[in-house]
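this one's sequence-less:
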């Protein structure tokens, strides 16, 4: 069997601890760029270890690229 890389866009939900909705959005988007320094967390909202900025592990693939690249044989 072979292994292939398929590029896709994924939609996810970020959970941000902030004082206002504006602060929360600013934590995700800084100067027009999306912050990629975050943890994926499945912790409940009231868990003491929930990070200030986390992404839900539940995600949805919204588009798939037509270009598929073989990575290697994995037999």
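Sure, I can see it. None of these values were measured; they are calculated from a predicted model.

which element is residue 24 on?
Using DSSP states H and E, residue 24 maps to helix 21-28.

what's the following helix or strand after the helix or strand of the chain with the lowest mean pLDDT?
None of the helices or strands of the chain scores lower by mean pLDDT, DSSP states H and E than strand 33-34, at a mean of 67. Using DSSP H and E, the next helix or strand after strand 33-34 towards the C-terminus is strand 39-40.

For the next helix or strand after that next one, which strands pair with it and how are they oriented?
Going down the chain from strand 39-40, the next helix or strand is strand 53-55, by DSSP H and E. Sheet pairing of strand 53-55 (DSSP bridges) gives strand 14-16 (antiparallel), strand 39-40 (parallel).

now the first one: how far from the chain's centre is it?
Per CA atoms, centre = their mean, to the nearest Å, the displacement of strand 14-16 from the mean C-alpha position of its chain is 10 Å.

still on that earlier bit, can you point out the buried residues in the helix holding residue 24?
residue 27 (16 or more other CB atoms under 10 Å). Where C-beta positions appear, they are placed from N, C-alpha and C, glycine not excepted.

got it, and stretch 45-61?
Along stretch 45-61, these residues count as buried under the neighbour rule (16+ other CB under 10 Å): 53, 54, 55.

The first one and residue 27, how far apart?
When distance is defined by CB to CB, to the nearest Å, residue 53 is 6 Å away from residue 27.

chain center to the helix holding residue 24, what's the gap?
Distance of helix 21-28 from the chain centroid (CA atoms, centre = their mean) equals 16 Å.
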